[in-house]
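1. Predicted model and sequence follow; I will ask about them next.
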Amino acid sequence: MSDGPVLTMGDATPYPAYEDLRPPKEAVELWKGVERRCKSPNLKYAMILNLNGYSQREASRAGGYDDPSTLRDGLLRYGLRHIANGTDRLVANHREIAVLTTEMQLEQLHSGEEPDTKLAIVGGISTDKVEKREQWSKHESEGADLMGALGSVAAQIIKAGGKVEARLTTGDGGEATLSIGQGEPEAIEGEVVDG
C-alpha cells in the first residue's frame with residue numbers, strides 16, 4: 001500500500017475530509033504528537049476517523065488499507081489505542097448511567113413510589129462494568145470510598161422509609177445477613193464460622 005494522497009469528502013468517498021475532523025478531548029495532546037511525528041497521511045486519516053467513531057475496519061479502508069492491523073499498530077505506537085476503542089468514554093458513560101439510575105431510584109423512594117426494578121438492574125450492570133474496569137476491589141482507598149458511597153445510599157433509602165438488606169460471606173465459609181430499616185434496630189442473623 002502506498003502512502004498516496006488522503007481521500008477527502010466528495011464524490012469519491014462518504015467520509016469527512018481530514019481537515020474537518022478533530023480528535024476527542026481526551027486525545028488532543030496525544031494527537032499533537034501524531035501531527036508532528038506521523039509521516040503517513042493515510043494512517044493519520046484512518047486514525048482520526050477511528051477516534052471519531054468509525055470502526056477500525058471502516059477507518060482502515062477509508063485510509064486505503066485492506067487490513068486494520070496497520071491502523072491498530074499506529075494507534076498503539078502513538079498511545080491512542082485505549083481512546084480509539086472507546087474504553088474511557090464507555091466507562092464514563094456507564095458511570096453516568098449508574099449515578100443517574102441511583103438518583104432516579106432515590107427520587108422514587110422519596111416520592112413513595114415503588115422502586116423500578118428495571119432501573120435497578122440497569123444501574124447495577126453499569127456499576128459492575130465501572131467496577132470491573134477500575135478494579136475498585138483491588139484499591140483499598142477506592143474501596144473505602146465505595147463503602148462510604150454505599151453507606152450514604154443506604155442511609156437515604158432508610159430515611160425514605162425503605163429497608164436495606166445485605167448478605168455477607170467470608171472467605172472461610174461464614175455467612176451473615178444484615179437488615180436495617182427505618183424505626184427498626186439492626187438485625188443480624190447467621191453464623192460466622194471460625195476457620
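-> That came in fine, so what should we check first?

2. For Asp116, give me its contacts.
-> By CB atoms under 8 Å, 6 or more residues apart in numbering, the contact list for Asp116 reads Met104, Gln105, Gln108. C-beta coordinates here come from the backbone N, C-alpha and C atoms, glycine included.

3. wouldn't the first one be in contact with Leu119 here?
-> To tie it back to what came earlier, the one meant is Met104. Yes - counting by CB atoms under 8 Å, Met104 touches Leu119, with 5.8 Å between them.

4. Asp172: neighbour count?
-> 9 (other CB atoms under 10 Å).

5. Look up how far Ala166 lies from it.
-> Going from Asp172 to Ala166 by CB to CB, to the nearest Å gives 18 Å.

6. Tell me which helix or strand the residue positioned nearest the centre of the chain sits in.
-> Of all residues in the chain, the one closest to the mean position by CA atoms, centre = their mean is Val91, 1.0 Å from it. Per DSSP states H and E: Val91 is located in helix 87-110.

7. again with Leu75
-> Leu75 belongs to helix 69-77, assigned by DSSP H and E.

8. Show me which residues of that helix are buried.
-> Within helix 69-77, the residues scored as buried using 16 or more other CB atoms under 10 Å are Thr70, Leu71, Arg72, Gly74, Leu75.

9. Now for Leu150: which residues touch it?
-> Per CB under 8 Å, 6+ apart, neighbours of Leu150: none.

10. With that, I have no additional questions.
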